[in-house]
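Undergrad: from the sequence below, what's the structure:
(2 chains)
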Number of protein chains: 2
Amino acid sequence: MLIAEPLQKAIDELSKLPSIGKKTAQRLAIHILKDDKESVESLINSLRDLKEKIKLCNECFNIATEDKCDVCKSNKRDRSIICVVEDPSDVISIEKTNEYNGLYHVLGGVLNPLAGVTVEKLKIKELLERVKNEEVKEIILALNPDAEGDATSLYLTKILKEAHIKVTRIARGLPIGGDLEFADSATIGRAFIGRIEL
Amino acid sequence: MLIAEPLQKAIDELSKLPSIGKKTAQRLAIHILKDDKESVESLINSLRDLKEKIKLCNECFNIATEDKCDVCKSNKRDRSIICVVEDPSDVISIEKTNEYNGLYHVLGGVLNPLAGVTVEKLKIKELLERVKNEEVKEIILALNPDAEGDATSLYLTKILKEAHIKVTRIARGLPIGGDLEFADSATIGRAFIGRIEL
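TA: Modelled structure (predicted):
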């Protein structure tokens, strides 16, 4: 017996999502099949709204429901600092900390020439425009501490330095609650290099 | 900053799905946001079709696109054996083995009085009807080997024995490719009890 066609189609579509394999997709599809009609309608509508109502802020490319995002619209934010991140989800993570009160700039990815992500595909030109036009005093790079993130940070540092702007990078070291015994040596090494005087 | 409302709504809806937590829901929502419009439409349509085109077979309650499912419609299946399973996904798992050629009966759950799943909520009455009406010679119980599955198997064995029908249960023991050293003692114990003469 083959799996009924609409079910197979739903499994195929769900398994295209990140971190959803064939088995999870099947479980999700069967769950949706058994779920009541209202819940499924509610899920479908939320996905449609997500695509139709959300656009990107025309200043920082964070997600927004209007032309500008909530951060760019706010008059309580420090407009002299811009934090550069890869994705809108990074903005959410940073906002949750309540430690940062500046603006953002969402690149929309990191440099990865092998996957076809070149300088032109990212919002780097727009970042340079913002640096020129605005009262910006500091750019904080908050990209992921991996090969692509580091390469992108290096590239941005180079071109921003040419524009005579202060560039900083968020600290690397042991995560809070982490354990020296279980930390990898690259992390411990970075923690030593980045040590601060007390 | 709060997360933009349509995004928050989508995250909430996605995290209602089984095995999807808040973090995964956020990653999926951001992915859908960045995905092209066609892919998202395709996903939404597949979920809608899943709900609208799929119904339950009126004989065995397996998923079907017509009144009867592909297994019940087939004239190649052995109609004297019925395999009782919890969910339509179990039918898919068993069909994949190519080891079984009888019919199915999907209970739609297992007995779990604390969660409100009583005998009346499962397709047990319908199973007894099938046993009475048809040329059924054997009922194979293929429920999960856990507390609820075992309780349901026990209950079904009792009432099916009263109807004078042969009842069997699929074997329990070491999984193929498993390792005695890493198997839990309950599984090893069951493997000893269920040993067969060679």
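
Undergrad: give me the contact list for the helix or strand of chain A with the lowest mean pLDDT.
TA: One helix or strand of chain A scores below all others by mean pLDDT, DSSP states H and E: helix A:185-193, with a mean of 83. By CB atoms under 8 Å, 6 or more residues apart in numbering or on different chains, the residues outside helix A:185-193 that reach it are A:145, A:172-174, A:180, A:183. For the C-beta atoms, the positions are set from N, CA and C on the backbone; glycine is no exception.

Undergrad: so how do I select the buried members of these in PyMOL?
TA: Those of the contacts of helix A:185-193 that count as buried under 16 or more other CB atoms under 10 Å in any protein chain shown are selected in PyMOL with:
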select buried, chain A and resi 173+183
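
Undergrad: shaky segments in chain A?
TA: Chain A contains residues with pLDDT under 70 at A:1-2, A:134.

Undergrad: next, please give the residue ranges for the helices of it.
TA: Using DSSP state H, the helices of chain A run over A:5-14, A:22-34, A:37-53, A:70-73, A:88-97, A:124-133, A:147-162, A:185-193.

Undergrad: closest to residue B:162 out of those helices?
TA: With CB to CB as the criterion, residue B:162 lies closest to helix A:22-34 of these, at 30.2 Å.

Undergrad: can the closest one be found next to chain B?
TA: Yes. Using CB under 8 Å from any CB of the partner chain, helix A:22-34 comes into contact with chain B via A:24, A:26-33.

Undergrad: give me the number of residues near residue A:143?
TA: 22 (other CB atoms under 10 Å in any protein chain shown).

Undergrad: chain neighbours aside, what residue packs nearest to it?
TA: residue A:149 (3.8 Å; CB to CB, 6 or more residues apart in numbering or on different chains).

Undergrad: who's in contact with that neighbour?
TA: A:86, A:110, A:143.

Undergrad: ok, now residue A:43?
TA: Here residue A:43 is in contact with A:32, B:13-14, B:16-17, B:47 (CB under 8 Å, 6+ apart).

Undergrad: ok so, going back, wait, which of the contacts of residue A:149 is closest to residue A:102?
TA: residue A:143 (16.0 Å).

Undergrad: quick check: the closest one vs chain B, distance?
TA: 16 Å (CB to the nearest CB, to the nearest Å).

Undergrad: what residues are up against that residue?
TA: Neighbour list for residue A:143: A:84-86, A:107, A:110, A:149-150, A:152-153 [criterion: CB under 8 Å, 6+ apart].

Undergrad: could I get the residues you listed as JSON lines with distance to residue B:115?
TA: Converted to JSON lines, these look like this (distance: CB to CB, whole Å):
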{"residue": "A:84", "distance to residue B:115": "49"}
{"residue": "A:85", "distance to residue B:115": "43"}
{"residue": "A:86", "distance to residue B:115": "42"}
{"residue": "A:107", "distance to residue B:115": "47"}
{"residue": "A:110", "distance to residue B:115": "46"}
{"residue": "A:149", "distance to residue B:115": "45"}
{"residue": "A:150", "distance to residue B:115": "50"}
{"residue": "A:152", "distance to residue B:115": "49"}
{"residue": "A:153", "distance to residue B:115": "51"}
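
Undergrad: count residues in the vicinity of residue A:79, would you?
TA: By other CB under 10 Å, the burial measure for residue A:79, its neighbour count, is 14.

Undergrad: tell me the domain boundaries of chain A?
TA: A:5-53, A:75-197 (automatic domain parsing).
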